[in-house]
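Engineer: below is the sequence, then the predicted model.
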Amino acid sequence: MIAQELEVSLHMAFVEARQQRHEFITVEHLLLALLDNPSAAEVLRACSANIDDLRKSLSNFIKDNTPQVAGTDEVDTQPTLGFQRVIQRAIMHVQSTGNGKKEVTGANVLVAIFGEKDSHAVYYLHQQGVTRLDVVNFIAHGIKKSDAPEPTKSPEAAPQEQEEGGGSEKNEKASPLEQFTQNLNQMAKDGKIDPLIGREYEVERVIQILCRRRKNNPLLVGEAGVGKTAIAEGLAWRITQSDVPEILAESQVYSLDMGALLAGTKYRGDFEQRLKGVLKALKDRPNAILFIDEIHTLIGAGAASGGTLDASNLLKPALSSGAMKCIGATTFTEYRGIFEKDAALSRRFQKVDVVEPSIEQTVDILKGLKSRFEEHHNVKYALAALQAAAELSSKYINDRHLPDKAIDVIDEAGAAQRILPASKRKKTISKGEIEDIVA
């Protein structure tokens, strides 16, 4: 079942681990042993791997990260689950070929190691430019990496590839703030942010907290749709209008894009490295303010890239020292269930409750936003329509909150008119059209 050469490699891996008094034998131990395995080493050389560099990287990692057993008694080194999975995967793969006489070799185990995607063994193989496809190509077809044909490129694809390559180069040169945040000040100047109507108390409270020397980090807590993000955007708009205290006059508000931070993170530390780059860029700009919507998602963020730290642990030192200002936003449920449980993070923020506005306040908000929707949908809104949108959405739409659901109603009413033929389209939306939408 298992080839003699592989038995020797496995035996030597266990012997070496015991001699080093290692508590566990890991996938990295296994790959290190395979470097002296004839079939595995042949595959690695065919894939253009530098075996000496690979050996050095693995040895240093094992030395620094594998727990040792104290004392002088004989060590009973145990295989990790990952180690066991690799061996089982290699055996099952050989068995699935239907050739019962075929033995499991070091090359088969090398292929199986790629199944442990979050391991440092796979990381170091990728660092050498060795992929699972390269390994399988050589084992199955004898194709060395240097012999692999270049994919055929059509004339149409060439300009596209050149364009994509240029974009990649541009991304590498772009600063972390350009890659992973949005400048709300610039969006406000470009007219991409709706004006903030009302919420004077909340904005003033946010400004007051930002002016503190330490722990100058407001946390907006309110139900979804009550306007937490709008408050941060409203602050950026007020800064562009010079309607803030002198201490904040030069401030720039950056909104963190968590999706962009996580996108494409494949190896351990990728996420943390990106976030550190963002935080460093913000610290280098004394007037920068970071806005993090759904801030509770920071707790545990980074797990997708195999990271050992989450984003909140990277934020805490900067927040407590006052080196960086941050505005967070979350819901009451997430605040109590997730955020508040991380006491070290929550105490660095000053909570600002954002309650649902009344119907009268919602009508005022709709009046302020009316011109934006009128311009977009090319219709007019009667005052009675705005009043009906606030009242009916409050009464009959129970799974969302004001003013968001009332804004959705007038937007939906405008869209309903816009899709009609010009002969049937109404120039002014009245209470009746709002009632039809809510119904």
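Structural biologist: Yes, it's here.
Engineer: what's residue 221 in contact with, if anything?
Structural biologist: Contact partners of residue 221, counting by C-beta atoms under 8 Å, 6 or more residues apart in numbering, are 228, 329, 330, 331, 332, 335, 351, 352, 353, 354. Using the backbone N, CA and C atoms, a C-beta is placed for each residue, glycine as well.
Engineer: gap between it and residue 257?
Structural biologist: For residue 221, the distance to residue 257 equals 22 Å [C-beta to C-beta, to the nearest Å].
Engineer: tell me the first helix or strand C-terminal of the longest helix that the chain contains.
Structural biologist: The single longest helix within the chain, with elements called by DSSP state H, is helix 359-377. Downstream of helix 359-377, the first helix or strand assigned by DSSP states H and E is strand 380-381.
Engineer: thinking again about what came up before, okay, and which of the contacts of residue 221 map to strands?
Structural biologist: 329, 330, 351, 352, 353 (DSSP state E).
Engineer: so who does the second one touch?
Structural biologist: If a contact means C-beta under 8 Å, 6+ apart, then residue 330 has 219, 220, 221, 294, 295, 296, 339 as its contacts.
Engineer: restricted to strands, list these.
Structural biologist: Those of the contacts of residue 330 lying in strands (DSSP E): 219, 220, 221.
Engineer: who's in contact with residue 34?
Structural biologist: Contacts of residue 34 (C-beta under 8 Å, 6+ apart): 9, 40, 41, 106, 109, 110.
Engineer: cool, residue 257 as well?
Structural biologist: Residue 257 sits in contact with 180, 181, 182, where contact means C-beta under 8 Å, 6+ apart.
Engineer: next, format those as a markdown table and append pLDDT.
Structural biologist: As requested, the contacts of residue 257 are exported to a markdown table (pLDDT from 0 to 100):
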| residue | pLDDT |
| --- | --- |
| 180 | 89 |
| 181 | 92 |
| 182 | 92 |
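Engineer: export those residues to a markdown table and tack on neighbour count?
Structural biologist: Converted to a markdown table, the contacts of residue 257 look like this (neighbours: other C-beta atoms under 10 Å):
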| residue | neighbour count |
| --- | --- |
| 180 | 23 |
| 181 | 24 |
| 182 | 17 |
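Engineer: in helices, which of those appear?
Structural biologist: Short answer: the contacts of residue 257 in helices (DSSP H) are residue 180.
Engineer: need the contacts of residue 257 in TSV with distance to residue 34, can you?
Structural biologist: Formatted as TSV, these follow (distance: C-beta to C-beta, whole Å):
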residue	distance to residue 34
180	38
181	43
182	47
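Engineer: of the contacts of residue 257, which is the nearest to residue 397?
Structural biologist: residue 182 (29.3 Å; C-beta to C-beta).
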